[in-house]
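Engineer: Pasted the sequence and its predicted model underneath.
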Amino acid sequence: MASSMPVLTFHALDYSPAVTSFSPQVFQHGMAKLHDSGYQTLSLLEAVDYLHQEKPFPERYFAITFDDGYQSVFNEAFPVLKRYGMSATVFLTVGERKSLKQADRLPSFEGRSMLSWGEIREMLCSEIDIGAHTLTHPDLTRLPLEQKEIEIRESKAIIEDVLGTPVPCFAYPYGQYDNRTLEIVKRHFACACSNELGLINRGSSLYALKRIDAYYLRTDRLFDLMLSSFFPLYIRTRSIPRMIKRTFQQVLL
């Protein structure tokens, strides 16, 4: 059994130089290498259940998440995940209800094409869970309380209305949250993901789950570190600059 477990987070799978992009080729390499080495996935909710029960994780397990809802998740990641029988959670930025049409894609974000509701339904039938990521992807810490509530509550309600399935997981846009945001999320969700870099363990907050941004695994060699005993040390080392930045931001709030 393992005392900690990685939750990987991806955004778009493409060859753009943007920090939110991840090479489809490296993704295929990484998933194949993990599968061939005996690694398996837990869903995010399954991982949270281990935390609830204060149980150690099974060895060689990890979780996968995707933020925003880019179409490349369906085109590039979904076939790979199906090939290896892997689960994932996709957090959707759904747009405002007034612009919602059943056949429409999610509204474009960062100039990229987003998932359609048909693609989302197809993934939902194949070990892919759906989570909420607000309506319009704002920095929630900069919004008045009423607008925070709308962004969080309505994103969940829209997904549940369209898909007819519960939405228990949330991811903070940009990983940013404050105490008031946290209070709202706790009322509506079972867990939430932050942008804090690290592995989850028994001491993890269910509403500020740490993840491993795929940016730190962006080459075949870096991805292969997941198979190494040095991986936790690598992640701790890379987390220090981000931790300093987060502390400074919290002082300013």
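Structural biologist: Nice, I can see it.
Engineer: Helix or strand with the lowest mean pLDDT in the chain?
Structural biologist: For the chain, counting by mean pLDDT, DSSP states H and E, helix 231-252 ranks last in confidence among helices and strands (a mean of 75).
Engineer: can you give me the helices for the stretch 151-253 of the chain?
Structural biologist: 179-188, 220-223, 231-252 (DSSP state H, counting those that start in this stretch).
Engineer: Looking at those helices, spot the one closest to residue 76.
Structural biologist: helix 220-223 (15.3 Å; Cβ to Cβ). Bear in mind the C-beta positions are built from the backbone N, C-alpha and C, glycine included.
Engineer: So for that closest one, mean pLDDT?
Structural biologist: Helix 220-223 shows a mean pLDDT of 97 in the predicted model.
Engineer: Next: stretch 91-101.
Structural biologist: Stretch 91-101 comes out at a mean pLDDT of 83.
Engineer: Stretch 147-164 now?
Structural biologist: 97.
Engineer: ditto for stretch 72-80
Structural biologist: 98.
Engineer: Can I get that stretch in CSV, CA atoms only?
Structural biologist: Written as CSV, here are the backbone C-alpha positions of stretch 72-80 (Å, rounded to 0.1, in the frame of the first residue of the first chain):
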residue,chain,number,x,y,z
SER,A,72,-8.5,17.6,-27.8
VAL,A,73,-9.5,15.7,-24.7
PHE,A,74,-12.0,13.7,-26.8
ASN,A,75,-9.8,13.6,-30.0
GLU,A,76,-6.4,12.8,-28.4
ALA,A,77,-6.8,11.6,-24.8
PHE,A,78,-10.0,9.6,-24.9
PRO,A,79,-8.8,7.0,-27.4
VAL,A,80,-5.7,6.4,-25.4
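Engineer: and that stretch, how far out from the chain's middle?
Structural biologist: 15 Å (Cα atoms, centre = their mean, to the nearest Å).
Engineer: ok, now stretch 14-32?
Structural biologist: So, by Cα atoms, centre = their mean, the centroid of stretch 14-32 is 15 Å from its chain's centroid.
Engineer: one step back: ok, which of the helices of the stretch 151-253 of the chain comes nearest residue 87?
Structural biologist: Between the helices of the stretch 151-253 of the chain, helix 220-223 lies closest to residue 87; by Cβ to Cβ that is 18.7 Å.
Engineer: other SSEs contacting that closest one?
Structural biologist: Using 3 or more Cβ pairs under 8 Å, 6 or more residues apart in numbering; DSSP states H and E as the contact test, the elements touching helix 220-223 are helix 24-36.
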